[in-house]
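Return a 3D structure for these sequence lines:
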Amino acid sequence: QVQLVESGGDSVQAGGSLRLSCVASGYARISACMGWFRQAPGKGREKVAGFDASGRPGYADSVKGRFITSKDNDRNTLYLEMSGLRPEDTAMYYCAVGGEALDPTCPHKAYWGQGTQVTVSS
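Got it, this is the predicted structure:
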């Protein structure tokens, strides 16, 4: 059973930076099909950044140039470096492993963390 634990969420001023972490356990080394999603109040969950089935990173247009995702394969840890934060980035951020939302060729089964809250004030 895969378990994902996110951390690093906080309340910051617009223009600030945060680094989110997601530690995966109960799984063999993860090098692909993992990423970050977010959900703001009253909105659907959207993909922010992640690694496809080939391990290549990709980003939502809304965060390109501001967010960078990286991974430490040996520690099974995924990171999301966020800079130039905007009030519209306010959301619960979730880490995910697997699932076609990351890549149509990723394993069907998706695992989710409990989320970490990011709040950006103007």
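
so which strand or helix has the spatially most central residue of the chain?
Most central in the chain under CA atoms, centre = their mean is Trp36, positioned 1.9 Å from the mean C-alpha point. Assessed by DSSP states H and E, Trp36 sits inside strand 34-39.

other SSEs contacting that strand?
For strand 34-39, the packing partners by 3 or more CB pairs under 8 Å, 6 or more residues apart in numbering; DSSP states H and E come out as strand 18-25, strand 46-51, strand 67-72, strand 77-82, strand 91-97. All C-beta atoms are positioned from the backbone trio N, CA, C, and that covers glycine.

Determine which stretch of those is the most buried.
The highest mean neighbour count among the helices and strands packed on strand 34-39, using mean count of other CB atoms under 10 Å, belongs to strand 91-97: a mean of 23.

contacts for the helix or strand following that strand?
For strand 91-97, the following helix or strand on the C-terminal side (DSSP H and E) is strand 111-112. Strand 111-112 is contacted by residues 2-4, 94-98 when judged by CB atoms under 8 Å, 6 or more residues apart in numbering.

Same question for stretch 61-80.
Residues from elsewhere that reach stretch 61-80 (CB under 8 Å, 6+ apart): 8, 19-25, 27, 29-31, 34-36, 48-51, 57, 59, 81-85, 88-89, 93, 95.
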